[in-house]
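Colleague: missing the sequence, but the structure's below:
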């Protein structure tokens, strides 16, 4: 659809805001809502290179992954623990500054056009992909709590998919990637619930 390409900058901004808030927020419910927004941006930016009916597979897979994670939130509660890697600050100020620096760097790299991608990939899609990939990797780098690690991994994978779909738009690959998202969500949910059970002394 033409309007998807014309307003693709909105999707790139959505990717920036959602990817940043996943890192900054502490409430797992809001983090999960932001992850759902990441999948909306992923579907929108992928639809620039794919038919909308095909790219919708990503949205369906993403919402299923969010549903799996929502079940774990219902079990263990919505407050996310700030368990950061040893030697790194854990305050919100540090996370905000890190997000701003990484986002600016990712945006600059996307605008320089350093990646050899097909001409069908617009600047908005490249920017959105780089932002999600960079913010996801940042989240992985500063977090140890299983739920946050899962959020970072799924965000980074969403950014990678935006770029990869322009190279390999196969339906089989799209289905495989959707299954990967759901599989990661299942594993993260298992780890989150398991950690909660251990903290409670083994009581379910």
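Modeller: Nice, thanks for sending it over. These figures come from a predicted structure and were not determined experimentally.

Colleague: which residues touch residue 173?
Modeller: Shown in contact with residue 173 (Cβ atoms under 8 Å, 6 or more residues apart in numbering): residue 164. The way it works is simple: take the backbone N, C-alpha and C, and place the C-beta from them, glycine included.

Colleague: That one and residue 154, how far apart?
Modeller: Per Cβ to Cβ, to the nearest Å, residue 173 is found 17 Å from residue 154.

Colleague: do the same with residue 73
Modeller: Residue 73 sits 15 Å away from residue 154, taking Cβ to Cβ as the criterion.

Colleague: Neighbour count: the two, which is higher?
Modeller: Using other Cβ atoms under 10 Å, the more surrounded residue of residue 73 and residue 154 is residue 154, with 25 against 20.

Colleague: mean confidence score for the helix or strand that contains that one?
Modeller: Assigned by DSSP states H and E, residue 154 belongs to helix 146-167. For helix 146-167, mean pLDDT is 89.

Colleague: Could you shift the numbering so residue one becomes 17, and keep it that way?
Modeller: Sure, I'll start counting at 17 from here, so that last one is helix 162-183.

Colleague: From the chain's centroid, how far away is the next helix or strand after that helix?
Modeller: Remark: after helix 162-183, the chain's next helix or strand is helix 187-215, criterion DSSP H and E. Taking the mean of its C-alpha atoms, helix 187-215 sits 13 Å from the chain's own mean (Cα atoms, centre = their mean, to the nearest Å).
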